[in-house]
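> 3D model of this:
(chains A and B)
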Number of protein chains: 2
Amino acid sequence: MSELRKDPVINRWVITLDDKTFTPHPDSEFIHGLSEHEPACPFCPGNEDKTPHTITEKKDTSGAWSIRVIPNNNPYLKVETPLQRKSIGIFDYVTGMGANEVIIETPKHNLDIDTMPLNAVADVIKTYADRINDLKNDTRLEYVLIFKNRGKRAGGHIEHAHSQLMALPVIPKKVQEEVDSAEAYFKLKKHCVYCDLVANEIQMKDRVVVENASFLCVTPFASRLPFEMWIIPKRHDSHFGNINNDEIQGLSEILKDSLRRMNKALSFPAYNYIIHTSPQKAGSLEHYHWHVEIVPRIKSLAGFEWGSGFYINPTLPEETAGYLRSL
Amino acid sequence: MSELRKDPVINRWVITLDDKTFTPHPDSEFIHGLSEHEPACPFCPGNEDKTPHTITEKKDTSGAWSIRVIPNNNPYLKVETPLQRKSIGIFDYVTGMGANEVIIETPKHNLDIDTMPLNAVADVIKTYADRINDLKNDTRLEYVLIFKNRGKRAGGHIEHAHSQLMALPVIPKKVQEEVDSAEAYFKLKKHCVYCDLVANEIQMKDRVVVENASFLCVTPFASRLPFEMWIIPKRHDSHFGNINNDEIQGLSEILKDSLRRMNKALSFPAYNYIIHTSPQKAGSLEHYHWHVEIVPRIKSLAGFEWGSGFYINPTLPEETAGYLRSL
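The predicted structure follows:
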């Protein structure tokens, strides 16, 4: 039995199956038997000279760093590059101006978000918000994307827990689409589609993975990939940089818990998470609502998905959520 | 040295690098030492009873089939399913009505498009057009997507050369976006963006891989992945089903030649190709222009690409085209 489901925000169709024969990709290679300190790891304490300079860091009570933010070793974009735009024929270019930073989330080589202490996760989230807000001072930057690639299938090539930040002089297409689609919904209905999504999911219950005072984690109705999860704040705000202290605490709890359930269900898969937030100069938008999307990379994308933006998901989001709730 | 490039059709930004250290994924697993007939292969002659019934076939002069079209063994969508649409809360569903067919391109297990005789490739292309046109009789179907997944990294799990067809009761999001973006360009400029693209590329020369009387193959200006190629017809037409006999011949030649060059450059990579065409009921559109996109799957997609639709391509399209021209 298959059906087609439309994402209520961006109108993307997904074929949803209930395929009991679906087999996920095996574990990430980054998990088992790691030690707390790995002498050859460039992100472990003592090897700071193997990375570029520190942009900012947090220290623990002993004075050692607990989080370090550094430029990418081989950055795709550089703030030193002058911002220039040109066209040749019908083709538009912009110089490679921007920033590409790495957030080393913990000094301990064998931890990830799900196993780090709660206050350490809160510091990671606070660091994300601080970087986004700090980069508003560079008015050439239009968008800041924060994401995590964990495991090689997810594009992560260093096992020490880290996230990345890309600050861009343009707005990525999918971001603009998401903001535009949410705006179209708002014009029609006069309320935010993500606020409606939270209300619908709390009422319907069957796609809720976990909930706390300030956040909801759901398997989205039109999940593109098995075990996709969205964490949505209950308070409407378009910009992640406006997260408050209660929300930092709430997001830390629900992110840890969601990843712990995912790791228990799928035995430590490669995964990505991405913070979806409004453009840097957009101000406060009544139609857009920041959130976090988590995607375990347990299924390859084929030509069909690539060519059409039309996904085939072998698992039912309601069954996935029920299973994740039970763990 | 990096730059940001915008695709002139759909306004997608790509970071283009000139990274001499980029290493492609290794060969597809589907290439070396295959025999002409593989007794265990469900797509080889003699094993027709291991697949569903034949929808249509072409025969050679001896009466044996040279191309077979069959339903997918485990179809995602079925024409027998009644088409029903419903909503619950803010969520829209459609029943799994549609078609999911497999085009077995050749009886010979060890051939692919690049090594098949030219007239056999022409028959494959004619079969694609015939299926698209035949499916217009089912007015519930809004879109027909034809694509090829070759090699496991591209989502292809059977090594015998085949393509797939998905006939859908909805229009995929990326298709609608491409058509809408081309329409916005037409409204502004009063000419087709793809016609302009062909004219610009022929004049600029440096991204042309190969050209014949009716088609141009280019590495697109804002290529998302290394060695991406687009084959664009010189005659404006929005619908692939309107391809004429000269164009079937021309497309067969340039598709064979482009894939041969790709295989020589990359040693038989996993790849996808996808026919981009207008929706089934759209009629003749002056703003849209059908074409074929070829994507070797020699680089993984990371969370950054997934989350933002913003790609990082380590190779320069101009260098890639120069190299492909030289082969």
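> center of chain A - which residue?
Closest residue to the average C-alpha location of chain A: A:Ile274 at 1.6 Å, with CA atoms, centre = their mean.
> can you map out the strands along the stretch 51-200 of chain A?
Using DSSP state E, counting those that start in this stretch, the strands of the stretch 51-200 of chain A run over A:56-59, A:65-71, A:85-88, A:91-95, A:99-104, A:143-150, A:162-168.
> can you tell me which of these comes nearest to B:Asn74?
Nearest of the strands of the stretch 51-200 of chain A to B:Asn74, taken as CB to CB: strand A:143-150 at 31.6 Å. Where you see a C-beta, it was placed from the backbone N, CA and C, and this is true even at glycine.
> and the closest one, is it in reach of chain B?
Yes - counting by CB under 8 Å from any CB of the partner chain, chain B has neighbours in strand A:143-150: A:145, A:147-149.
> what's the answer for stretch A:169-180, then?
Yes - Stretch A:169-180 lies within reach of chain B by CB under 8 Å from any CB, at A:169-170, A:172-175, A:177.
> Over to stretch A:276-296?
Yes - counting by CB under 8 Å from any CB, chain B has neighbours in stretch A:276-296: A:276, A:293, A:295.
> and which of the residues you listed is nearest to A:Glu57?
Set against A:Glu57, the nearest of the residues of stretch A:276-296 next to chain B by CB to CB is A:His276 (26.5 Å).
> Where does A:Leu255 sit: helix, strand or coil?
Here A:Leu255 takes the helix state, with states given by DSSP: H, G, I helix; E, B strand; the rest coil.
> hmm, back to that, between the residues of stretch A:169-180 next to chain B, which is nearest B:Ile113?
Closest approach to B:Ile113 among the residues of stretch A:169-180 next to chain B (CB to CB): A:Lys173, at 30.8 Å.
> and that closest one, how many neighbours does it have?
A:Lys173 is flanked by 21 other residues according to other CB atoms under 10 Å in any protein chain shown.
> repeat for A:Thr106
Based on other CB under 10 Å, the number of other residues close to A:Thr106 is 25.
> Could you do A:His236 as well?
Counted with other CB under 10 Å, A:His236 comes out at 17.
> Look at it and tell me its secondary structure.
On the three-state scheme (three-state DSSP), A:His236 is labelled coil.
> right, and it touches A:Cys195 too?
Yes - applying CB atoms under 8 Å as the test, A:His236 and A:Cys195 come out as touching, 5.5 Å apart.
> list the residues that contact both of those two?
Residues touching both A:His236 and A:Cys195 (CB atoms under 8 Å, 6 or more residues apart in numbering or on different chains) are A:His289.
> and the residues of stretch A:169-180 next to chain B as TSV, adding pLDDT?
What follows is the residues of stretch A:169-180 next to chain B, written out as TSV (pLDDT from 0 to 100):
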residue	pLDDT
A:Pro169	95
A:Val170	94
A:Pro172	91
A:Lys173	88
A:Lys174	89
A:Val175	91
A:Glu177	91
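> lowest average confidence, helix or strand, in chain A?
None of the helices or strands of chain A scores lower by mean pLDDT, DSSP states H and E than helix A:303-308, at a mean of 69.
> What is the neighbour count of the closest residue to chain B within the stretch 151-300 of chain A?
Chain B sits closest to A:Gly155 of the stretch 151-300 of chain A, with a gap of 2.4 Å, by CB to the nearest CB. By the measure other CB under 10 Å, the count of residues near A:Gly155 is 23.
> What's the separation between it and B:Arg153?
14 Å (CB to CB, to the nearest Å).
> Helices of chain A, start to end?
Remark: helices assigned in chain A by DSSP state H are A:118-134, A:173-189, A:193-204, A:245-266, A:303-308, A:317-326.
> The residue of the stretch 151-300 of chain A closest to chain B contacts A:Asn149, correct?
Yes - contact criterion CB under 8 Å: A:Gly155 and A:Asn149 qualify, at 4.0 Å.
> picking up where we left off before, what is the lowest-pLDDT residue among the residues of stretch A:276-296 next to chain B?
Minimum pLDDT across these is recorded for A:Val295, with 93.
> Would you mind listing what in the stretch 1-150 of chain A touches chain B?
A:1-6, A:8, A:10-13, A:15, A:17, A:76-77, A:88-96, A:145, A:147-149.
> if we can go back for a sec, name the nearest residue to the residue of the stretch 151-300 of chain A closest to chain B, ignoring sequence neighbours.
Counting by CB to CB, 6 or more residues apart in numbering or on different chains, A:Gly155 lies nearest to B:Ala302, which is 2.4 Å off, once chain neighbours are set aside.
> pLDDT at the residue of the stretch 151-300 of chain A closest to chain B, what is it?
A:Gly155 is given a pLDDT of 86.
> burial measure for A:Pro39, as a count.
By the criterion of other CB under 10 Å, A:Pro39 has 9 neighbours.
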